[in-house]
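# Model the following, please.
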Amino acid sequence: MRHRLVNLAWIFYEKFSLIGLSIGSFMVFALLLGPEQFGLGVLAVTLVEAIGIIYCSIIEDPLVRRTRCSKSLYASVFCFGGLLALGSATMLVAGSLLLGASELFIGLVALAGVKLVATVLSRPFVAELRRKRNFKSLANRTLAGKLIGTTAGILAAFWGAGAWAVVLQAVMMETVSLILLLYWHHDLVSSKADIHRFGLIFRAGLPLGVKMFSRGMLVRAITLVLGMVSDATTVGYFAFANRLVDLPRLALSDGLLSYALPAIAKRANQGPDVGRFVSSISLSTTTLLAPLFLGAMVLGGDLIHLLFDAKWQLAITPFQCLCLLAALRCLVLYVPATLIALGKARWGMEADLLLLLGALLITWLYGSEWGAMAAVAAMALQLSGDLLIKLYQLHKLFSPRWQPVLRDYGFVALAAVLMMASIELLRVPQFLPLPDVLMAIATGAAVYFLGLFTLRPGWARGLINSIKQG
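Okay, the predicted model is just below:
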């Protein structure tokens, strides 16, 4: 139990430290750059991240799942993965030139390509640290990179670098993280590289890469399509709203998934036990995370009004809608990790791709008319289908008894509704000042936990059991 808590502590030390730094840089960018410059920087970074997330999924997760990984295998992934990333970054710059992009945007894409190469080169080291559950080293290298990257980005923004500041932060973060990993574990990739070994890993991870194309690529692809049919300002509003939601959501979910994937994989051959474990941690996660996003949804206008100036007011409605979607995503957070652990990564690939294409079509058709809300509608469409697919996958894997599951989640939903109602009662038509916002947050939290203890007296014990089982 103590060892599990220490691991969780290091994971969340990393994630919440990153949240703090990200919020700091995000606020500076939002206040100094404005929607257009912020949107240009986001588009450039999104373009390379769209490729990077696929490569990372193809390379990293198969390494984590292997029972043994030789140094030659790591060296092969390091060398040939890096070459693949460098070639892809070069092609992105060439594509931007051919499409007649502005000189500024081409330069931003070229600089962002460094991030792609550094990200892929880091995968062997990150995979080995995850295999050894060395979350302390993972936390330290990520936090150091983020600290230096954030500092560089903020300084660049103050010096009037505009969109370059957004890209510089992302590049510096990944580059510093890679340098630290090479300094600490350079012997991991010192063996002779073999392209056949790299091909073995690439083929094993390709199905997962296809899944990540439809899941991890969702926001990035929507952002790119929105930029094609509208303008950088519209992208800036959507990116602003999405970033406000994703900063805490990804930090929390990535930390939980980093811990949960090995725990689920450990139970892969234990039959019904893995189903009970996934059900338990899913309920505990939803109980703790969903009310955070639902509360932010109710107070979204007040929060944006307090923290940012008037030029971001058009992002309030997209932010509130995205908060609701983030709360719903908590319900099926662990399904992809469960499919990976059970060797079912191919399940649902076709449906995922269809949902992604449907979301992109909505953005393409209505982006020029609806603006940022077209992207939100596209994400809502994708999530609706994704929830149905994942619930079906859970049913097919474990055949759970749905009546007690629905009852437990119903109690959580009722407590959340009471929380939102209590916050809404404290609000007035105009925006709340800071003391009233803090009072509303405290009141909502008290009502929610009181409702939980009344409706589900054993929820805290269930949370502790989930940690013990991990």
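
# and residue 425, how many residues sit next to it?
9 (other CB atoms under 10 Å). Backbone N, C-alpha and C define where each C-beta goes, glycine included.

# so is it in a helix, a strand, or just coil?
helix (DSSP: H, G, I helix; E, B strand; the rest coil).

# if I look at the residue nearest to residue 235 when sequence neighbours are not counted, how far off is residue 333?
Once flanking residues are discounted, residue 235 sits nearest to residue 39: 3.7 Å by CB to CB, 6 or more residues apart in numbering. Using CB to CB, to the nearest Å, residue 39 is found at 29 Å from residue 333.

# neighbour count winner among these two?
residue 39 (27 against 21).

# Give me the phi and psi for the more buried one.
Backbone torsions of residue 39, given as degrees, to the nearest 10, read phi -60, psi -40.

# contacting residues for it?
Residues in contact with residue 39, defined by CB atoms under 8 Å, 6 or more residues apart in numbering, are 227, 231, 232, 233, 234, 235, 236, 237, 239.

# Let's see that with 7 Å instead.
232, 233, 235, 236, 239 (CB atoms under 7 Å, 6 or more residues apart in numbering).

# tell me the two of those that are most distant?
Greatest spatial distance among these (CB to CB): 233 and 239, at 10.5 Å.

# Now residue 399, what are its backbone angles?
Dihedral angles (degrees, to the nearest 10) for residue 399: phi 50, psi 60.

# swap in residue 89?
phi -60, psi -40.

# So what's the predicted local confidence for the closest residue to it other than its chain neighbours?
Sequence neighbours aside, residue 113 is the residue nearest to residue 89 in space, at 3.0 Å (criterion: CB to CB, 6+ apart). pLDDT for residue 113: 91.

# how much space between residue 113 and residue 51?
Distance from residue 113 to residue 51, by CB to CB: 9 Å.

# on that earlier part again, so which of the contacts of residue 39 comes closest to residue 121?
Closest to residue 121, out of all of these and judged by CB to CB, is residue 239, at 26.5 Å.

# Roughly how far does that closest one sit from residue 47?
13 Å.

# So for those two, which residue has more residues nearby?
residue 239 (30 against 25).

# just checking, that one touches residue 42?
Yes: Residue 239 lies in contact with residue 42 (CB atoms under 7 Å); the separation is 4.2 Å.

# and for the two, which residues touch both?
residue 223.

# now the helices: where do they sit in the stretch 251-400 of the chain?
272-298, 300-307, 316-329, 335-341, 349-370, 372-398 (DSSP state H, counting those that start in this stretch).

# Just the CA trace of the third one, in PDB.
By that I understand helix 316-329. This file holds the C-alpha atoms of helix 316-329, laid out as PDB (Å, rounded to 0.1, in the frame of the first residue of the first chain):
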ATOM      1  CA  ILE A 316     -16.900  31.300 -22.500                       C
ATOM      2  CA  THR A 317     -19.700  29.200 -24.200                       C
ATOM      3  CA  PRO A 318     -17.200  26.700 -25.800                       C
ATOM      4  CA  PHE A 319     -15.400  26.400 -22.500                       C
ATOM      5  CA  GLN A 320     -18.600  25.500 -20.600                       C
ATOM      6  CA  CYS A 321     -19.600  22.900 -23.300                       C
ATOM      7  CA  LEU A 322     -16.100  21.300 -23.200                       C
ATOM      8  CA  CYS A 323     -16.300  21.100 -19.400                       C
ATOM      9  CA  LEU A 324     -19.400  19.000 -19.700                       C
ATOM     10  CA  LEU A 325     -17.700  16.700 -22.300                       C
ATOM     11  CA  ALA A 326     -14.700  16.300 -20.000                       C
ATOM     12  CA  ALA A 327     -16.900  15.200 -17.100                       C
ATOM     13  CA  LEU A 328     -18.500  12.500 -19.400                       C
ATOM     14  CA  ARG A 329     -15.100  11.300 -20.600                       C
END
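
# Just the ones of the contacts of residue 39 in strands?
Assignment to strands by DSSP state E places none of the contacts of residue 39 there.

# Any chance of a markdown table for these, columns pLDDT and distance to residue 117?
Formatted as a markdown table, these follow (pLDDT from 0 to 100; distance: CB to CB, whole Å):
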| residue | pLDDT | distance to residue 117 |
| --- | --- | --- |
| 232 | 81 | 25 |
| 233 | 86 | 30 |
| 235 | 88 | 25 |
| 236 | 87 | 27 |
| 239 | 87 | 23 |
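
# Contacts only, for residue 382.
218, 355, 356, 359.

# and the gap between it and residue 352?
From residue 382 to residue 352 the distance is 9 Å (CB to CB).

# how is this protein carved up into domains?
1-214, 235-470 (automatic domain parsing).

# List just the one of those domains that sits closest to residue 222.
domain 235-470 (4.9 Å).

# same question for stretch 407-422, mean pLDDT?
91.

# Can you give me the neighbour number for residue 160?
Neighbour count for residue 160, taken as other CB under 10 Å: 10.
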